[in-house]
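> with the sequence up front, the predicted model follows.
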Amino acid sequence: MYGVPIVRLRRWCATGKLRCERDGDDWLIAISEASQIIELAAEYATGRGPIRGLAVPVPAVPPDLATTVAARLGLTTSAVTLTPLALDGVDYVVAVWKGDVERDGGLPALQELAVELDGELLDGELSGD
């Protein structure tokens, strides 16, 4: 209906970006969330907001994920941390880093990697050290 893949809608529900309710294994999204879906889809398409991580479904995680992410961002491998995460019943490995990704530098390469690995770029603010 909005041109957004179901898996992305589920992730937005699971992470609280959309107000949704559980219905068994599915999510119910109120029609009142339509404007939020449109806004999130536009942000995702344009890459607005600081990109802070890459979530990759466990079956697609390469053994050198941290090295690959660091190389695409122009960082040292030690600047990228991997952590497990489960969202909506799916296991992921999330590569995270501190600092902004240069939109005209590392971001296009990172977006390509996300597509290659069926991953999801994560935005937001980091807390703590």
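Cool, got the structure.
> quick check: which ranges of the chain have low pLDDT?
For the chain, residues meeting the criterion pLDDT under 70 lie at 45-51, 99-105, 124-129.
> how is it partitioned into domains?
Taking automatic domain parsing as the reference, the chain has its domains at 6-46, 51-123.
> now those domains in TSV, with mean neighbour count?
Quick note: C-beta positions are derived from backbone N, CA and C, even for glycine. Shown next, in TSV, are those (neighbours: other Cβ atoms under 10 Å):
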stretch	mean neighbour count
domain 6-46	14
domain 51-123	16
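> quick check: nearest residue in space to Cys20, chain neighbours excluded?
Cys13 (3.7 Å; Cβ to Cβ, 6 or more residues apart in numbering).
> correct me, but that neighbour touches Trp27?
Yes: using Cβ atoms under 8 Å, Cys13 is in contact with Trp27, at 4.3 Å.
> now do the helices in this protein.
Taking DSSP state H, the helices of the chain run over residues 6-14, 34-46, 65-73, 106-116.
> can you put the ones you listed in CSV and add distance to Asp23?
CSV is the format used below for those (distance: least, Cβ to Cβ, whole Å):
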stretch, distance to Asp23
helix 6-14, 11
helix 34-46, 18
helix 65-73, 33
helix 106-116, 28
